[in-house]
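Visitor: Generate coordinates for the sequence data below:
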Amino acid sequence: MDADLIKLVNKLQDTFANLGGELDMPQLAVVGSQSAGKSSVLETIVGRDFLPRGQGIVTRRPLILQLIHTPVPDPSSSSSQPYTEWGQFLHIDKRFTEFDEIRKEIEQETFRVAGQNKGISKLPIHLRIYSPNVLDLTLVDLPGLTKLPVGDQPSDIERQIRSLVIEYITKPNCVILAVSAANVDLANSESLKLARSVDPQGRRTIGVLTKLDLMDAGTNALDILTGRVYPLKLGFIGVVNRSQQDINSNKSMTDALDHETEFFRTHSAYRNIAHKNGTKYLARTLNQVLMNHIRDKLPDMKAKLNTLMGQAQQELNSFGDSAVYGDTNQQGGLILRLMTQFARDFVSSIEGTNADVSTKELSGGARIYYIFNDIFGHALMSLDATQNLDNQDIRTAIRNSTGPRPSLFVPEIAFDLLVKPQIKLLEPPSLRCVEMVYEELVKICHNCTSTELQRFPRLHAQLIEVVSELLRERLGPTTDYAQSLIDIQTAYINTNHPAFISGSAAATSQATVSTPPRHVAPPQRPSTDLVNGSSDQHDDVDESSDETNSTTSPRQRETRAVSTSVHDRARTTPVGPSAVVSARRPSSPKIHHHHHKQIAQPPPGSSVAKETFLNYFFGQNGPGPLSGATIERAGNPNDTTIMPVGRDVSDSDLALRSGLMAGKRNMEGSNAAFDMKSLGKHIEAASDGPHLTMREEMETNLIRSLIASYFHIVRQTIQDLIPKSIMHLLVNYTSQHVQNRLVASLYKPDLFGELLNEDEALVAERTRVKALLDAYKEAFKTLSEVTLKST
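Guide: Presented below is the predicted three-dimensional model:
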C-alpha cells in the first residue's frame, strides 16, 4: 500500500504538470551548494550515471526525478523484455535504455529552454526511471547555490538560483534534503541556512553529509551525525561518493557502494553508527520519510482537491455548454437571452441601476449628467454677450440702420442686427454637447458585456454594431433639432419678454451712469441765444408730450420698442430750458459762428483692418462702415454751421472741409479719378472714427445692455432645452428601442451558427479546464480509496 502511495503521487504529479494544476504534491527537494555532491548522491541512489557533469553550474533547470521500482524479470519467460532499466521523459514519448542518452537529452532540453549561456529557467524537466534496483521515490534536483558569477554567468545568478530554490522548499508538502560537504564548516552551509529560513524547527529537513573521507586527519563529523551540533528531527546521514578520479577511471557503482560500506565499518569514529549511514540507508530513509509525509498530507490533499474541483467546475460553467450547437431552438433561446441581457445592461448603465457600479470614477448616466451640468453649463456661462462687439461696431450698426437720414432715436433694426449673431454663439457649445452625449452612449455600449457573452465575440461585435447604428441614426435628428432651437431664437426677437429690461429703464440707467464729453467744447453763447434759438419750440413739444403721457400707463411705457428710447429719455428728464437742451443735444455743445469747422485727425494706424464684429458681418475685404455720414446741426435752425460727427476724409487740406465731394474739385485734372474704388478705401479708412460723443456713448451702452439682457434670456432657455432635447431624442429613444432593434436585426435562424461561433482560445481553455476537472475527480477518488485501505 505504501508503494501505491508514491505511485499515486507520481501519477498526480504527471497529470497536473501537463494540465497546469495547483495541487502541491509531496516531494523531496535536493538543496546544496555547487560541488557539494548533490548529483553524486542522486546517481548513487539510482545506481547509474545519468546526470550532466562539468565545471561551474551544470544543473540550470529543476529536474523532477521519479524513481519507480519494477520487479526483476523472469529469465525463463518468453515475454520478458531484453532490458530491465530504462528512462522516459515527459516531454518526449521515447524509452531511453542507454543512460548516456538520458544525459544528452537533459543537456539538450536545458539548452532548448534556458539557452546556451549559463542562465537558469524555472520550467522543470520530468524524468522517470524504471529499475528493480531503486525504491519508489520522487526527488527534485535544484541548481546548486553559488555566490559569484563565473565566466559568462549572469551578474544576478545568485539571486536567480536562490529565488528558484525558495519557491520549491517554501511549500509545506516539500521535504528538504540539505546536502553539505563534511570538509567545510557546518556554520557556512548555505543549504542549512536556506532550510532554516523556511523550516525553523527542522521538522521536514534531512541533513546529508558528503565527502566524509576527505576530512582532515584527526577530525570527524560524529557530533554532527549524532545531532549534537545542529539538531534536526529527521537527523543527518553521512555518505561517501565516488571521487573525480574514480569517475574518470569508470569505477562501477557496485564497487563504490562496497567501498562506502567498508569505510563506515572500519572507521574508528563511525563504526558504531555505520548502520545509520551510507547511500542504501539514505534511500530507505527517504522512501520511508516520503511515504509517511504523503500519509500525513492525505487529508490536506483531499481538502485541497475538493476546493480545486469546485473552482474548476465554476470556471467550466462560466464557459457554457457546447451542447447547444446541435439544436436550433436552444441556439435561438441563447441568443435571445444574451440580447435581452445586453439591452438591460445598456439601459441600467444609463439609469445608474447597474449592479457593477464603479466607485472610482463616473460612469454611465452620471457622465451624461456631468456633460449637461458641468461641461455644457460652464461653456454657456463663459460666453460674454458683447465681448466681440466694440463701440465702433455698435455705432456703425446704428448708423447703417438709419440709412441717409440722421438718427433721432436708437433704431430697433440695429438691436436685431447685433443680437442675432450673438445668439448664434450658443450654437457650437450646443452641438458639441450633442456629440459628447453620443460618444458617451457609444462608450457605454462597448462596456456592456458579460462572461457568457465573451464566449461569442462575433455576437458581441454585432450587438455593439446594431446599437451604434441606432445611435448614429438618432444623432442627425438630435443635431438638427439643436440647431433649430438656435434658429428659433434668432427668427423672432421678443422684446416683450417679461425678463427683458425695458427701453426706458435702460435709458434711465445709462443716463445716470453716462460720462461727460471727452472733448472740451468751446465757450457757449449766452443763454439768450439759446432762448432766442429753439428752446421755445422744444418747450411746446415737451408740454404736448407731457399731456399725451398723462393718458399712458407706466406698463405701456416700459414695454415700448427700442426705437422710442430717445422719447423715453426726454420724458424722464425734468422740463426746463436747460434740461430740454441737455436732452435734445447731449453731446453737441454750442459753438461760435465762424468760418472754420473743427476737423478731427485720424489716429496713427487707423487704416489697419480690425478683427471686429464688423468683419464678421461684412467680411474683411468689404467696403466697411460709412463713418461720418451722419452730421448733427446746432440747436439754432437758422445756424448754417455743421459739426461733423464721424471722421472727415481730408488730411489737412481746407478745400475738403465743405464735404466729401469737395475733394473731387481739387482732384480735377489728376490722373487718379475719385471713383468708387477710391471712395471705398476712404470709407474703410474712416472705420476708426473719433471718440464717441456723449449721445453716441449713451446709445452704445444702451444697445450693449439690451443685448446682454436678451442674451441672458436666450442662454437660460438654451441651457434648459438642449439637455431635454438630447434626453428625449437620443438617450430615451435609444433606451426604449434598443431591444426591439436588436431582435429585428439579429434574431434570424440563418445567422445563429455564425453568431454563436466561439473563440478558439476559449474552446481550448474549456477543454483544458474540463480535463483538469476530470483529473481532480479521479485523484480525489483514488485518495479516498487509499484512505479506506489504510483504515
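Visitor: Now the helix or strand harbouring A178: average pLDDT?
Guide: Element membership of A178, judged by DSSP states H and E, is strand 174-181. The average pLDDT for strand 174-181 rounds to 91.
Visitor: Run me through the strand neighbours of it, direction for each.
Guide: Applying DSSP bridges to the sheet, strand 174-181 is found paired with strand 27-32 (parallel), strand 205-210 (parallel).
Visitor: What is the subsequent helix or strand relative to the longest helix seen in the chain?
Guide: Of all the segments of type helix in the chain, defined by DSSP state H, the longest one is helix 279-319. As assigned by DSSP H and E, the chain's next helix or strand after helix 279-319 is helix 328-351.
Visitor: average model confidence for that next one?
Guide: The pLDDT scores in helix 328-351 average 86.
Visitor: ok, and for that helix, which residues are buried?
Guide: Neighbour counts over helix 328-351 (16 or more other CB atoms under 10 Å) mark 331-332, 334-335, 338-339, 342-343, 345-350 as buried. (C-beta placed from N, C-alpha, C; glycine too.)
Visitor: same question, stretch 52-67
Guide: For stretch 52-67, a neighbour-count test (16+ other CB under 10 Å) marks I57, V58, T59, R60, R61, P62, L63, I64, L65, Q66, L67 as buried.
Visitor: these two touch, right, the second one and P52?
Guide: Yes: contact criterion CB atoms under 8 Å: V58 and P52 qualify, at 5.0 Å.
Visitor: so the longest helix of the chain versus strand 205-210, what angle?
Guide: 140 degrees (axes from the mean of the first three to the mean of the last three CA atoms, to 10 degrees).
Visitor: give me every residue that touches the nearest residue to R95 once chain neighbours are set aside.
Guide: Nearest-residue entry for R95: W86, 4.8 Å, with adjacent residues in sequence omitted and distances by CB to CB, 6 or more residues apart in numbering. Residues in contact with W86, defined by CB atoms under 8 Å, 6 or more residues apart in numbering, are R95, F96, T97, I129, Y130.
Visitor: With D356 instead?
Guide: No residues are in contact with D356 under the rule CB under 8 Å, 6+ apart.
Visitor: I'd like to know which of the contacts of W86 is nearest to N183.
Guide: I129 (30.0 Å; CB to CB).
Visitor: tell me the phi and psi of the closest one?
Guide: When read as degrees, to the nearest 10, the backbone of I129 gives phi -120, psi 120.
Visitor: residues contacting it?
Guide: Going by CB under 8 Å, 6+ apart, I129 touches V46, R48, F50, L65, Q66, L67, I68, E85, W86, G87.
Visitor: Could you export those residues to JSON lines, including columns for distance to I394?
Guide: Shown next, in JSON lines, are the contacts of I129 (distance: CB to CB, whole Å):
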{"residue": "V46", "distance to I394": "104"}
{"residue": "R48", "distance to I394": "106"}
{"residue": "F50", "distance to I394": "101"}
{"residue": "L65", "distance to I394": "97"}
{"residue": "Q66", "distance to I394": "97"}
{"residue": "L67", "distance to I394": "102"}
{"residue": "I68", "distance to I394": "102"}
{"residue": "E85", "distance to I394": "108"}
{"residue": "W86", "distance to I394": "104"}
{"residue": "G87", "distance to I394": "100"}
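Visitor: Now render those residues as TSV, adding distance to I707, pLDDT and secondary structure.
Guide: As requested, those are exported to TSV (distance: CB to CB, whole Å; pLDDT from 0 to 100; DSSP: H, G, I helix; E, B strand; the rest coil):
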residue	distance to I707	pLDDT	secondary structure
V46	100	85	helix
R48	102	83	coil
F50	97	83	coil
L65	92	88	strand
Q66	92	86	strand
L67	97	85	strand
I68	97	84	strand
E85	104	86	coil
W86	100	88	strand
G87	96	90	strand
